[in-house]
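Trainee: pasting the structure only:
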């Protein structure tokens, strides 16, 4: 039993399912002692005993809703606290006992009824959120319509046989050409499915298509349903999106591979691609020229194909040297570290069942801990997938041959 007297006391109540972190509050007054409850009401019971023997001057709350689990409980406890002469301040509702009770009794009663009605609506909202939180612990899909390509099953998303191939084809187009706009345009032309570039980008990063579920609290759970994308394909998509962010806006979707990437060594102006068709001659001729060259006379245009072949030659010479300077041991150590962390967290998840059987953890606490750990595993798995492939040396040998590049189309 605490014997110290506190003039200003705070009380915080939260549901572990809805607030994963410890509840905090920016109080309107300097608080000398804070009682916290997570799920139960043990701290409130201790606070009640203190208030009976040595009532503080102020009791600060985030919301009156935290005083109980029903309107009757909240009303009774609020009335009892004020009977003890405690000034209750609830920041969410702007409630202050001293100001509230100084009003005309009829006005005060009317305001209290409105306040309790608002709290009742809040409790209903919290009950709905608790239901969604329990579904998250069971790894059930979030509420709402299933993403395009899936439909809702009894406990998970299942592939929609009519639309899943459309989504798969969209991803393959992006992996082939690396252009969000081109992949979206392909869908419209091939299937009559019209989506905006922003929607297309959301598809590319949506965990659902990777077989995972992403919840409102930011936690991602891996392997909850059949994926449309493999882990390797998803990692490659992420690399292409990161590459596109570093390029000029229209370069990634341009039909020519050097669009927006070449500058004139003399005037430093960006070169644009110009197409020329000569009279009485078959074929088209491509040139790189500077439309905004400040020099007089202006810099001459250069043949596009000659620049492309020279660039391929330089890549084939520089790439093996650059890879040779990297330290594969560092990459191996990074992968081993991530894999070890994943295994450690998977081991903890398996141990939770034993702790639950022994009565050390209750079912809800065990499920909540497992949910957090699986979210952490998902983040580690994503980091692991982003690392370069183990066969990087063999890949470099292939792409260091000029003919490899010359056999590709411009978009590829």
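Mentor: Received, thanks. Being a predicted model, the structure only gives us computed values, none of them experimental. Numbers count the residues shown, from 1 in each chain.
Trainee: from the middle of its chain, how far away would the helix or strand containing residue 404 be?
Mentor: Residue 404 is part of helix 402-406, with elements assigned from DSSP states H and E. Counting by Cα atoms, centre = their mean, to the nearest Å, helix 402-406 is centred 39 Å from the centre of its parent chain.
Trainee: Over to stretch 269-278?
Mentor: The answer for stretch 269-278 is 42 Å, by Cα atoms, centre = their mean.
Trainee: same check, this time on stretch 119-130
Mentor: Using Cα atoms, centre = their mean, the offset of stretch 119-130 from its chain centre is 25 Å.
Trainee: Check which residues of that stretch are buried.
Mentor: If you call a residue buried by 16 or more other Cβ atoms under 10 Å, then stretch 119-130 has these buried ones: 119, 123. In this view, the C-beta of every residue, glycine as well, is placed from N, C-alpha and C.
Trainee: Residues contacting it, please?
Mentor: 15, 17, 18, 63, 64, 65, 69, 70, 71, 74, 93 (Cβ atoms under 8 Å, 6 or more residues apart in numbering).
Trainee: Kindly provide the distance from residue 340 to residue 222.
Mentor: For residue 340, the distance to residue 222 equals 17 Å [Cβ to Cβ, to the nearest Å].
Trainee: more neighbours, those two?
Mentor: The neighbour comparison of residue 340 against residue 222 (other Cβ atoms under 10 Å) goes to residue 222, with 20 against 11.
Trainee: Remind me what the strand or helix carrying residue 198 packs against, helices and strands.
Mentor: Assessed by DSSP H and E, residue 198 sits inside helix 197-205. Judged by 3 or more Cβ pairs under 8 Å, 6 or more residues apart in numbering; DSSP states H and E, helix 197-205 is in contact with helix 164-177, helix 180-191, helix 231-245.
Trainee: Serialize the ones you listed to a markdown table and add fields for mean neighbour count, mean pLDDT and distance to residue 308.
Mentor: Putting the helices and strands packed on helix 197-205 into a markdown table (neighbours: other Cβ atoms under 10 Å; pLDDT from 0 to 100; distance: least, Cβ to Cβ, whole Å) gives the following:
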| stretch | mean neighbour count | mean pLDDT | distance to residue 308 |
| --- | --- | --- | --- |
| helix 164-177 | 18 | 93 | 17 |
| helix 180-191 | 18 | 92 | 20 |
| helix 231-245 | 16 | 87 | 19 |
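Trainee: how about CSV for those, with distance to residue 396 added?
Mentor: Converted to CSV, the helices and strands packed on helix 197-205 look like this (distance: least, Cβ to Cβ, whole Å):
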stretch, distance to residue 396
helix 164-177, 20
helix 180-191, 27
helix 231-245, 16
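Trainee: between these, which gets nearest to residue 314?
Mentor: Counting by Cβ to Cβ, residue 314 lies closest to helix 231-245 out of the helices and strands packed on helix 197-205; the figure is 18.7 Å.
Trainee: Let me know the angle separating that closest one from helix 180-191.
Mentor: 120 degrees (axes from the mean of the first three to the mean of the last three Cα atoms, to 10 degrees).
Trainee: ok, residue 309 to residue 276 distance?
Mentor: Residue 309 is 19 Å from residue 276, by Cβ to Cβ.
Trainee: nope, residue 244 is what I meant
Mentor: Counting by Cβ to Cβ, the gap from residue 244 to residue 276 is 29 Å.
Trainee: Where do the helices of the stretch 51-200 of the chain begin and end?
Mentor: 71-83, 97-101, 105-137, 164-177, 180-191, 197-205 (DSSP state H, counting those that start in this stretch).
Trainee: Compare the ones you listed and give me the one nearest residue 232.
Mentor: That would be helix 164-177 among the helices of the stretch 51-200 of the chain, by Cβ to Cβ, at 10.2 Å.
Trainee: How about residues contacting the closest one?
Mentor: 148-150, 180, 182-184, 186-187, 190-191, 193, 200, 203-204, 209, 228-229, 233, 236-237, 240, 411-412.
Trainee: do the same with stretch 92-108
Mentor: 62-65, 81-82, 86-89, 111-112, 115, 118-119.
Trainee: the bottom helix or strand of this protein by mean pLDDT?
Mentor: helix 392-399 (a mean of 70; mean pLDDT, DSSP states H and E).
Trainee: rewinding a little: so which bits of the helix holding residue 198 are buried?
Mentor: 200, 201, 203, 204.
Trainee: how close does residue 293 get to residue 287?
Mentor: 13 Å.
Trainee: again, but for residue 228
Mentor: 42 Å.
Trainee: quick one: which of those two has more around it?
Mentor: Using other Cβ under 10 Å as the criterion, residue 228 and residue 287 rank with residue 228 on top: 23 against 18.
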